[in-house]
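1. Sequence first, predicted coordinates after that:
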Amino acid sequence: MKNAERKARIRAMLHAEGLASGETKSSEKGWSDFRKQIREELHAEKLPQLVIRRDYHSLFRRWQLVPVFALLLLGILFYFRNAGITKNAAPAIAENQNPAKKTIRNMKKGDVFAAEKRRIRFSGGEAKLTEDEGRYLVETSELKADFRLKQKTDLKIEHPLIRVTVTGTEFSVDAKATGGSLNLREGSLRIDLKTETQQSVVLTAPARFEFSGKAHRVKKTETLKDKTLYRYELKSGEVFFAHLLGRSDATHTIELLGGKTEVVPVAEILRFAPVAEP
């Protein structure tokens, strides 16, 4: 309301009270007229409408929380579902608590297999050695190896031409796909020929068994006085294992794994030493 209007209202109010004209007696009629005029003016004015605006930013933020709650709900459902699957799967695992022990090793030159009092030294060729609950299987077509089985052993050697059954003994093998030999130092071996004749041979130490695809023979041998296995290194770079049969200042007479006897000049030997048991 402007100042002029305010002054006019005040004058009207004083006039209604009878003070503006100096009257001493109040005019009730004038005061009633003034209040009526004021009421009419107030009703005539348009009161501003109250408009409540929605906070769209706050509403948008609330909608942003919907994916978060949805992901949280999915995570809870996924957790309880997996917990139920794990609980149901437990008996299947318990059924396989004691699986059969089976180990397969690919052996090559220089490898040594050791188990309790069993030693197999591989000095040539290759072989697959399978251990299954105390039983051993050696599969090979070309092999040079020394077997020292100081205790009862369930072991088989599978070769394209023969099958060797071992229960506990000492022997060496020198074989190729076309044939070879076994030199038995202690114990006995059963040898099954994979030929048309399907013959079996029981070999008793000391003996040498030679075989091929067409024939086989057994030779008696002398017992080694020195059973120590030596590792030879020659100046040419060749490395092999052998038993020492005799020696002099000029030569070493040795028996190679497989039973073959050779004479090696001392001048060609770089070093030799007994093979320590692992």
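-> That came through, no problem. Everything numeric here is computed off the predicted structure, so don't read it as measured data. Numbers count the residues shown, from 1 in each chain.
2. What does the pLDDT read for residue 61?
-> Looking at residue 61, its pLDDT reads 56.
3. so the closest residue to residue 258 other than its chain neighbours bridges to which residues?
-> Excluding the flanking residues, the one nearest residue 258 by Cβ to Cβ, 6 or more residues apart in numbering is residue 174, at 2.3 Å. The way it works is simple: take the backbone N, C-alpha and C, and place the C-beta from them, glycine included. Going by DSSP bridges, residue 174 is paired in beta bridges with residue 144, residue 181.
4. Check the gap between residue 174 and residue 113 for me.
-> To residue 113, residue 174 is 18 Å away according to Cβ to Cβ, to the nearest Å.
5. Residue 129 now?
-> Distance, residue 129 to residue 113, using Cβ to Cβ: 6 Å.
6. For the two, list the residues in contact with both.
-> Shared contacts of residue 129 and residue 113 (Cβ atoms under 8 Å, 6 or more residues apart in numbering): 105, 107, 120.
7. Quick one, which of those residues are buried?
-> Among those, those classed as buried by 16 or more other Cβ atoms under 10 Å are 107, 120.
8. Tell me who's in contact with the residue nearest to residue 111 when sequence neighbours are not counted.
-> Distance criterion Cβ to Cβ, 6+ apart; nearest residue to residue 111, sequence neighbours excluded, is residue 122 at 4.6 Å. For residue 122, the contact set (Cβ under 8 Å, 6+ apart) comprises 107-113, 143-145.
9. show me the contacts for residue 265.
-> By Cβ under 8 Å, 6+ apart, the residues touching residue 265 are 250-251.
10. Per-residue pLDDT of it, please?
-> pLDDT, residue 265: 90.
11. now do residue 39
-> Note on residue 39: pLDDT of 70.
12. that's a helix at it, yeah?
-> Yes: according to DSSP: H, G, I helix; E, B strand; the rest coil, residue 39 belongs to a helix.
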